[in-house]
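*Asks:* Got a sequence here, can you build the structure:
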Amino acid sequence: MKEIRETIIERLGELDAERLEIVDESEKHRGHAGSGGGGHYRMTVVSNRFSGQNLMARHRLIYGMLSDLMKKDIHALAIQAYTPSEYQSKQPTT
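*Replies:* Sure thing, here's the model as predicted:
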């Protein structure tokens, strides 16, 4: 059976992300009331597809791609969604 993380990566493929980091934080939440067995994930997505979109639109786009997983496999999803230039500006300079 395919891991949820792999499924998330496949679903978000149409974003043509320059960067996609998915961290499974489910172990930190074992026994959490109401989790229903779904996992807790944190992701960072960097894509040109976010250009001209506000934060809510970016999140809606991602949730739309994962909507059926949100009903069972994903209990919590923390999203950081950036355009490449936004992400670059957040990186420390050396």
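*Asks:* show me where pLDDT drops low in the chain?
*Replies:* 1, 29-37, 94 (pLDDT under 70).
*Asks:* Could you list the residues in contact with the helix ranked longest in it?
*Replies:* Secondary structure of the chain per DSSP state H: the longest helix is helix 55-70. With contacts defined as Cβ atoms under 8 Å, 6 or more residues apart in numbering, helix 55-70 is touched by 4, 7-8, 11-12, 14-15, 43, 45, 49-50, 53, 74, 77, 79, 81. For glycine as for every other residue, the C-beta is placed from the backbone atoms N, C-alpha and C.
*Asks:* One more pass at 6 Å, please.
*Replies:* 11-12, 50, 79, 81 (Cβ atoms under 6 Å, 6 or more residues apart in numbering).
*Asks:* What are the buried residues along it?
*Replies:* For helix 55-70, a neighbour-count test (16 or more other Cβ atoms under 10 Å) marks 58, 61-62, 65-66, 69 as buried.
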